[in-house]
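Peer 1: Pasting the sequence and the predicted model now:
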Amino acid sequence: MTRFPYDQFAKDYLKELLQPLGEVETSRKVPAQIREIDVYFLPSPQSTSDTIELGLLGKFVAEPALIEPFRNAATIAEIRSCMNKLFDIFAEVKRHTKGDKNRIAESDLPRLWIFSHTASESILDGFRTNLDEEVWGIGVHFLGDYLRTGIVAIHQLPCTQETLWLRILGKGRVQQQAINELEALPLNNPLRSKAIDLLLSLKTTLEFNQNIDEEDRDLIMRLSPIYEQKLAEAKQEGIQEGIQEGIQEGIQEGIKEGIKAERRNVIENLLRVRFGFLDAEVRVIIEALSALSPEEFTPLLLQLSREELLARFL
């Protein structure tokens with residue numbers, strides 16, 4: 001896949017998932033140079049329950065975080081570039097924190113999470129990464145403590161509910177399996193709806209892209225049934241809304257007609273009392289009289305003569 005569509009999808013996807021948890025900034029510019037952080041996240045204090053719903057991703061953003069997602073395996077140069085952004089942020093935080101009283105603790109500094117579809121042994125060995133499977137499970141590789149960087153090898157993550165929201169950002173079989181699990185979630189799951197909408201937006205972007213590969217075409221094909229289902233649901237919803245609106249309009253129209261019929265009965269009774277019978281000419285003006293309110297037609301029927309009524313309404 002060309003990088004831009006995936007990058008934009010990843011940014012939009014992470015922003016939608018993380019917004020309820022805190023402050024999310026995508027394409028954050030780093031002052032030292034013209035560089036951008038894909039996603040910069042600051043958690044809000046009351047976001048505990050939502051982080052549980054996001055599983056492993058929720059654990060990542062329990063503290064300030066820089067997130068750099070890669071569709072393919074992140075290269076040595078790309079990992080270094082991400083780390084440079086992190087160090088620029090460290091310097092920026094230090095500039096804004098002056099004096100010993102305001103010294104920031106290491107644990108308060110943001111952590112960099114690099115989402116890479118794969119991570120080779122040579123890459124992991126070269127950066128001297130280590131695992132903490134008891135706390136973080138398989139697939140999460142940490143650099144030294146003071147580097148505050150983790151490389152998440154998405155293809156290594158176990159296929160569990162806890163890793164679902166990360167595996168959506170994978171590719172090939174990993175992503176397709178995650179999409180299957182996403183579809184199987186309850187329809188009222190708000191994250192399900194957001195993720196599917198963004199995936200369908202990615203599908204549309206890819207279809208307009210001239211430079212796509214076989215994996216892109218496979219993703220488009222996988223998302224096509226979901227797209228068709230969404231269209232069918234939207235159509236059915238439109239039909240239901242139309243029926244409901246029609247029912248409401250029918251009820252309102254029925255009420256109006258009922259009121260008019262009642263007024264015609266009152267008018268006819270008053271005319272019979274006044275003139276004893278209803279001839280053809282008098283019947284013609286009943287419709288015009290029924291358009292008036294009772295306060296308007298009652299005095300007219302009681303005060304005006306037959307000739308006056310005919311002259312006024314014929």
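Peer 2: Good, I have the coordinates.
Peer 1: if I pick the closest residue to Lys194 other than its chain neighbours, what's in contact with it?
Peer 2: With sequence-adjacent residues excluded and distances taken as C-beta to C-beta, 6 or more residues apart in numbering, Lys194 is closest to Glu16, at 4.6 Å. All C-beta atoms are positioned from the backbone trio N, CA, C, and that covers glycine. Residues in contact with Glu16, defined by C-beta atoms under 8 Å, 6 or more residues apart in numbering, are 194-195, 198.
Peer 1: same thing with Asn130?
Peer 2: Listed by C-beta under 8 Å, 6+ apart, the contact partners of Asn130 are 141-142.
Peer 1: per-residue confidence at it?
Peer 2: In this model, Asn130 is scored at 94, pLDDT.
Peer 1: cool, Gln236 as well?
Peer 2: Among the per-residue scores, Gln236 shows a pLDDT of 68.
Peer 1: go on, Ile104?
Peer 2: Predicted confidence (pLDDT) at Ile104: the value is 77.
Peer 1: Next, give phi and psi for it.
Peer 2: The main-chain torsion angles of Ile104 are listed as degrees, to the nearest 10 and equal phi -90, psi 140.
Peer 1: Check the burial of the closest residue to it other than its chain neighbours by counting its neighbours.
Peer 2: Of all residues not flanking Ile104 in the chain, Thr97 sits nearest, at 5.0 Å (C-beta to C-beta, 6+ apart). Other residues within reach of Thr97 by the criterion other C-beta atoms under 10 Å amount to 12.
Peer 1: Going by secondary structure, the residue nearest to Lys194 is in what exactly?
Peer 2: helix 3-18 (DSSP states H and E).
Peer 1: Paired strands for the following helix or strand past that helix, with orientation please.
Peer 2: Sequence-wise, the next helix or strand downstream of helix 3-18 (DSSP H and E) is strand 22-30. Under the criterion DSSP bridges, strand 22-30 sits next to strand 35-43 (antiparallel) in its sheet.
Peer 1: Next, the angle from the strand it pairs with to helix 3-18.
Peer 2: Our comparison of strand 35-43 with helix 3-18, counting by axes from the mean of the first three to the mean of the last three C-alpha atoms, to 10 degrees, yields an angle of 10 degrees.
Peer 1: quick revisit: mind listing what's buried along the helix holding Glu16?
Peer 2: 5-18 (16 or more other C-beta atoms under 10 Å).
Peer 1: Got a ChimeraX select line for the buried ones in the contacts of Glu16?
Peer 2: For selection in ChimeraX, the members of these meeting the burial criterion (16+ other C-beta under 10 Å) are listed in this command:
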select :194,195,198
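Peer 1: what ranges do the strands span in the stretch 51-200 of the chain?
Peer 2: 65-70, 111-116, 130-131, 140-142, 149-153 (DSSP state E, counting those that start in this stretch).
Peer 1: now for those strands, which one comes closest to Glu215?
Peer 2: Shortest separation from Glu215 across those is recorded for strand 65-70, at 14.3 Å, computed as C-beta to C-beta.
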